[in-house]
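**Student:** Sequence plus predicted model, see below.
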Amino acid sequence: MFATRTASVFLLPTTVAAVYATYIRAKAQPSQAYSQIMAQGSTASAQEQWRKVNNGLGVVDVGRSCGGV
């Protein structure tokens with residue numbers, strides 16, 4: 001009885017969460033590199049294009065989240 005209760009309370013939700021996480025990771029797609037913007041260097045026009053592509057995030061904001069130019 002106790003083992004069945006443990007399985008239904010702990011193992012089932014854990015297994016469901018693991019399967020869901022695996023599904024999400026399998027469907028993930030990498031973002032575009034936008035190499036044409038990065039090739040321009042750190043010019044004002046390149047930064048403006050970067051903000052348009054990244055919905056208002058500047059290069060510094062994206063860099064703080066381990067990405068960017």
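**Tutor:** Cool, the structure landed.
**Student:** And for residue 19, the neighbour number?
**Tutor:** Applying other CB atoms under 10 Å, we find 10 residues neighbouring residue 19. Every C-beta, even on glycine, is put in place using the N, C-alpha and C of the backbone.
**Student:** now it, what's its secondary structure?
**Tutor:** helix (DSSP: H, G, I helix; E, B strand; the rest coil).
**Student:** Report the contact partners of it.
**Tutor:** Residues near residue 19 by CB atoms under 8 Å, 6 or more residues apart in numbering: none.
**Student:** Could you list the low-pLDDT ranges of the protein?
**Tutor:** Scanning the chain for pLDDT under 70 picks out 1-2, 30-33, 56-69.
**Student:** can you do 90?
**Tutor:** Low-confidence segments of the chain (pLDDT under 90): 1-12, 24-69.
**Student:** could you pull out the helices for it?
**Tutor:** 2-6, 12-27, 35-38, 44-53, 59-64 (DSSP state H).
**Student:** burial measure for residue 17, as a count.
**Tutor:** Residue 17 has 10 nearby residues by other CB under 10 Å.
**Student:** make that residue 37, sorry
**Tutor:** 21.
**Student:** How about residue 50?
**Tutor:** The burial count for residue 50: 20, using other CB under 10 Å.
**Student:** again, but for residue 46
**Tutor:** 18.
**Student:** Distance of residue 45 relative to residue 37?
**Tutor:** 9 Å (CB to CB, to the nearest Å).
**Student:** before we move on, what about residue 44?
**Tutor:** 12 Å.
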